[in-house]
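J.: structure, please.
(one chain, ligands or ions: 1)
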Amino acid sequence: MSVKKVFALVLHGGVHLAALLPLAWLFWAIPAGELGGDPVEELIHFLGLGALRLLLLSLLISPLLKSLKIAALFKLRRPLGLWAYTWASLHFFAWLALDLVFEWGLIGEEIIQRSYILLGFCLWLILSALALTSLPRLMRAMQSKWQKLHWWIYPAAIMGCIHFWWSLKSGWLEPAVYLLITLVLIGLRQQKLLRIFAR
Ligand code: HEM
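T.: All right, here's what the predicted structure looks like:
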């Protein structure tokens, strides 16, 4: 096996491990009481923050690819995006199952009445559409439509930061840092994004 292939495998394995190990840690941390006095709230926060970090990591790949010119990086975008979606779905599921114990009436009310929940839900729907259309076969079949659809990853990242900001009872510094990173990443891709829309 060539050095390039081994390097690509190591990168790929690293992404899967980085996304899986914190989830595996939860199986020990929850019964051991490591999540503090309100484990449900802590779990929802842990999963939400993980989803946002993975989303931003997936956006970092294209600028890195452009400056480092390491082709193996290209193949990390899809697993990172799918892991972001998995963490976001677990975050949503933890809220549905553990916080609102599947009380569908209450769930509907919360989604309609709380702006940050509605925003999180819209964001999850966008990520669902991106995950469902992420198959290479669909990418080829949809051509330029695929790029226009997947451009939504950028508004989704901004929505994630605003959802984070809105969900806080106090403080703004951490979500503001995430928002700044998102805007810088969008700025780095600005020309490519304008080209997609000029087509
Ligand atoms: C249907 C979808 C969603 C629902 C119902 C939802 C719900 C929530 C709730 C209840 C909280 C905690 C608020 C509190 O402190 O009481 C929260 C926080 C958060 N959510 Fe979501 N969310 C959704 C989607 C998402 C998605 C898709 C992402 C990211 C990609 C995300 C990222 C976050 C982040 C970063 C936090 C703050 C975590 C922290 O404070 O450490 N959420 N969300």
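
J.: which element is the residue nearest to Leu49 when sequence neighbours are not counted on?
T.: Excluding the flanking residues, the one nearest Leu49 by C-beta to C-beta, 6 or more residues apart in numbering is Phe164, at 7.7 Å. (Each C-beta comes from the backbone N, C-alpha and C, glycine too.) Here Phe164 is covered by helix 153-167, with elements defined by DSSP states H and E.

J.: and Ser89, by the same measure?
T.: Going by DSSP H and E, Ser89 is in helix 77-94.

J.: quick one: average pLDDT of that helix?
T.: The pLDDT scores in helix 77-94 average 98.

J.: now check that helix, is it near the ligand?
T.: Yes - contact between helix 77-94 and the ligand, assessed by C-beta under 6 Å from any ligand atom, occurs at 88, 91-92.

J.: just want the angle from that helix to helix 153-167.
T.: 30 degrees (axes from the mean of the first three to the mean of the last three C-alpha atoms, to 10 degrees).

J.: now helix 77-94, how far from the chain's geometric center?
T.: Relative to its chain's centre, helix 77-94 lies at 6 Å (C-alpha atoms, centre = their mean, to the nearest Å).

J.: possible to save the residues of helix 77-94 next to the ligand as TSV with neighbour count?
T.: Formatted as TSV, the residues of helix 77-94 next to the ligand follow (neighbours: other C-beta atoms under 10 Å):
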residue	neighbour count
Ala88	25
His91	22
Phe92	21
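
J.: returning to that earlier point: got the CA coordinates for the helix or strand that the helix holding Phe164 is followed by in CSV?
T.: Counting by DSSP H and E, the next helix or strand C-terminal to helix 153-167 is helix 173-188. Extracted C-alpha coordinates of helix 173-188, given in CSV (Å, rounded to 0.1, in the frame of the first residue of the first chain):
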residue,chain,number,x,y,z
LEU,A,173,-18.9,35.2,24.2
GLU,A,174,-18.7,31.5,23.3
PRO,A,175,-21.4,31.5,20.6
ALA,A,176,-19.9,34.8,19.3
VAL,A,177,-16.6,33.1,18.9
TYR,A,178,-18.3,30.2,17.0
LEU,A,179,-20.1,32.8,14.8
LEU,A,180,-16.9,34.6,14.1
ILE,A,181,-15.2,31.4,13.0
THR,A,182,-18.2,30.6,10.8
LEU,A,183,-18.1,34.0,9.1
VAL,A,184,-14.3,33.7,8.5
LEU,A,185,-14.9,30.3,6.9
ILE,A,186,-17.6,31.7,4.7
GLY,A,187,-15.4,34.6,3.8
LEU,A,188,-12.7,32.2,2.6
